[in-house]
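Asker: Need the 3D shape of this:
(2 chains)
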Number of protein chains: 2
Amino acid sequence: MDELKKLIREVPDYPKPGILFYDLTTLLQDKKGFHTLIENLCSKFIGKHIDVVAGIEARGFIFAPALAYRLGAGFVPVRKPNKLPWKTEQVTYQLEYGTDKLEIHQDAVKRGERVLVCDDLLATGGTAAAAVKLIRGLGGEVAGAAFAVELCFLKGREKLNGTEVFSLIRYDK
Amino acid sequence: MDELKKLIREVPDYPKPGILFYDLTTLLQDKKGFHTLIENLCSKFIGKHIDVVAGIEARGFIFAPALAYRLGAGFVPVRKPNKLPWKTEQVTYQLEYGTDKLEIHQDAVKRGERVLVCDDLLATGGTAAAAVKLIRGLGGEVAGAAFAVELCFLKGREKLNGTEVFSLIRYDK
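Answerer: Numbering: from 1, shown residues only, chains lettered A, B, ... in the order given. Here you go, the predicted structure:
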């Protein structure tokens, strides 16, 4: 996926000094790049009977619905607190400093449905692990987790133990 | 689109008393409903040479990338302030009480590119009109605006004068 890597903009010192941010917007706005990204991100899960793709707010929303469309699945949003209009389940998870929360509608996933979790980036894995917990709490089967980018050196996969993880563009340092 | 309307959950008194909220999550999580929604939302713009689809944060992100994928276009995010990592243009627009802001990357759209603006809901039209302004400011040609739902009685179309507006599910009162 080196052709896609070339389309990613590297922004130094964002969001804070010392952090190199991988800005996918330059890849997404490139029609060929975007198409290649979605096709390849899907490829691992075609024929795997995915019922719904769960996207994590906000950047996960950019990938999950396109995957859902391509896979013939439905789409489920996993959102920050107080954004969903109906009854929710909530999970609290650890950040580097402090905690954060995610919510899902109580009826978003039916018992036994096969769910693909999707986000833009797999970093430390805390957010994705929280989404997995929410889905399993509703009785859903997590069929896998798909990420456009993985920062392998942060070892987020270890937090997703037991889940099939697929990432398209990987950075080793 | 009555079959899609039936899949939408109506939540009374959300986000505040007296407001009836149309919750699309029940439609989105239905695989047949979601597929029908995206197919029909695209139908008007197939063959119209759309270069990029611009989605408005956060719920516009759910529709715009699926449309972009289906139309063979790129995707551009229009975000709330301080969410984009690179150089931005900003627009301030009127709300019922107070103002709000939207941002776009300065290089998100090239001069002359044909852009489809996309959001979940056309209500008063202020947000969409702001996105149109941002895109035109970068030299983009706004080829149309697509919305899953339109609250026709709020007359948002009037704020998008000069733009081809397409909505799939309409409420007249």
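Asker: hey, let's count contacts and neighbours off CA atoms from now on
Answerer: Noted.
Asker: Any chance of the backbone angles for A:Arg136?
Answerer: Its backbone dihedrals place A:Arg136 at phi -60, psi -30, with angles given as degrees, to the nearest 10.
Asker: With adjacent residues omitted, what lies nearest to the one residue sitting closest to the centre of chain A?
Answerer: The structure's chain A has its C-alpha centroid closest to A:Asp119; by Cα atoms, centre = their mean the separation is 1.5 Å. The shortest distance from A:Asp119 to any non-neighbouring residue, by Cα to Cα, 6 or more residues apart in numbering or on different chains, is to A:Gly60 (3.9 Å).
Asker: now swap in A:Lys173 and tell me
Answerer: Taking Cα to Cα, 6+ apart as the measure, A:Lys173 lies nearest to A:Phe153, with 5.8 Å between them; neighbours along the chain are not counted.
Asker: And the pLDDT for the residue nearest to A:Asp119?
Answerer: Predicted confidence (pLDDT) at A:Gly60: the value is 96.
Asker: what does A:Glu96 give?
Answerer: In the predicted model, A:Glu96 carries a pLDDT score of 79.
Asker: helix or strand for it, which one?
Answerer: Assignment of secondary structure by DSSP states H and E places A:Glu96 within no helix or strand.
Asker: For it, what are phi and psi?
Answerer: Note on A:Glu96: its backbone torsions stand at phi -60, psi -50 [degrees, to the nearest 10].
Asker: Need the phi and psi values for the residue nearest to A:Asp119.
Answerer: Summarising the backbone geometry of A:Gly60 under the convention degrees, to the nearest 10, its torsions are phi -70, psi -30.
Asker: Not counting its neighbours along the chain, what's nearest A:Asp13?
Answerer: Counting by Cα to Cα, 6+ apart, the nearest residue to A:Asp13 once its immediate chain neighbours are dropped is A:Ile19, at 4.8 Å.
Asker: Show the backbone phi and psi for the one you found.
Answerer: According to degrees, to the nearest 10, the main-chain angles of A:Ile19 amount to phi -100, psi 130.
Asker: what about it, neighbour count?
Answerer: The number of residues packed near A:Ile19 is 11, by other Cα atoms under 10 Å in any protein chain shown.
Asker: Tell me how far it lies from chain B.
Answerer: For A:Ile19, the distance to chain B (Cα to the nearest Cα, to the nearest Å) stands at 12 Å.
Asker: doesn't A:Lys173 make contact with that residue?
Answerer: No. Using Cα atoms under 8 Å, A:Ile19 is not in contact with A:Lys173, being 11.9 Å away.
Asker: hmm, back to that, okay, the residue nearest to A:Asp13: pLDDT?
Answerer: A:Ile19 carries a pLDDT value of 92.
Asker: do the same with the one 10 residues further on
Answerer: The predicted structure scores A:Gln29 at 98 on the pLDDT scale.
Asker: Report the contact partners of it.
Answerer: Shown here is A:Gln29, whose contacts under the criterion Cα atoms under 8 Å, 6 or more residues apart in numbering or on different chains are B:Val52, B:Ala73, B:Gly74, B:Phe75, B:Val76, B:Ala108, B:Val109.
Asker: Tabulate the residues you listed (JSON lines), appending neighbour count and pLDDT.
Answerer: JSON lines is the format used below for the contacts of A:Gln29 (neighbours: other Cα atoms under 10 Å in any protein chain shown; pLDDT from 0 to 100):
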{"residue": "B:Val52", "neighbour count": "32", "pLDDT": "98"}
{"residue": "B:Ala73", "neighbour count": "27", "pLDDT": "98"}
{"residue": "B:Gly74", "neighbour count": "28", "pLDDT": "98"}
{"residue": "B:Phe75", "neighbour count": "32", "pLDDT": "98"}
{"residue": "B:Val76", "neighbour count": "29", "pLDDT": "98"}
{"residue": "B:Ala108", "neighbour count": "22", "pLDDT": "98"}
{"residue": "B:Val109", "neighbour count": "26", "pLDDT": "98"}
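Asker: ok, which of the residues you listed also contact chain A?
Answerer: Filtering the contacts of A:Gln29 for neighbours of chain A using Cα under 8 Å from any Cα of the partner chain leaves B:Val52, B:Ala73, B:Gly74, B:Phe75, B:Val76, B:Ala108, B:Val109.
Asker: In strands only, show me these.
Answerer: For those, membership in strands holds for B:Val52, B:Gly74, B:Phe75, B:Val76, with DSSP state E as the criterion.
Asker: What separation do you get for the residue nearest to A:Asp13 and A:Glu10?
Answerer: For A:Ile19, the distance to A:Glu10 under the criterion Cα to Cα, to the nearest Å works out to 10 Å.
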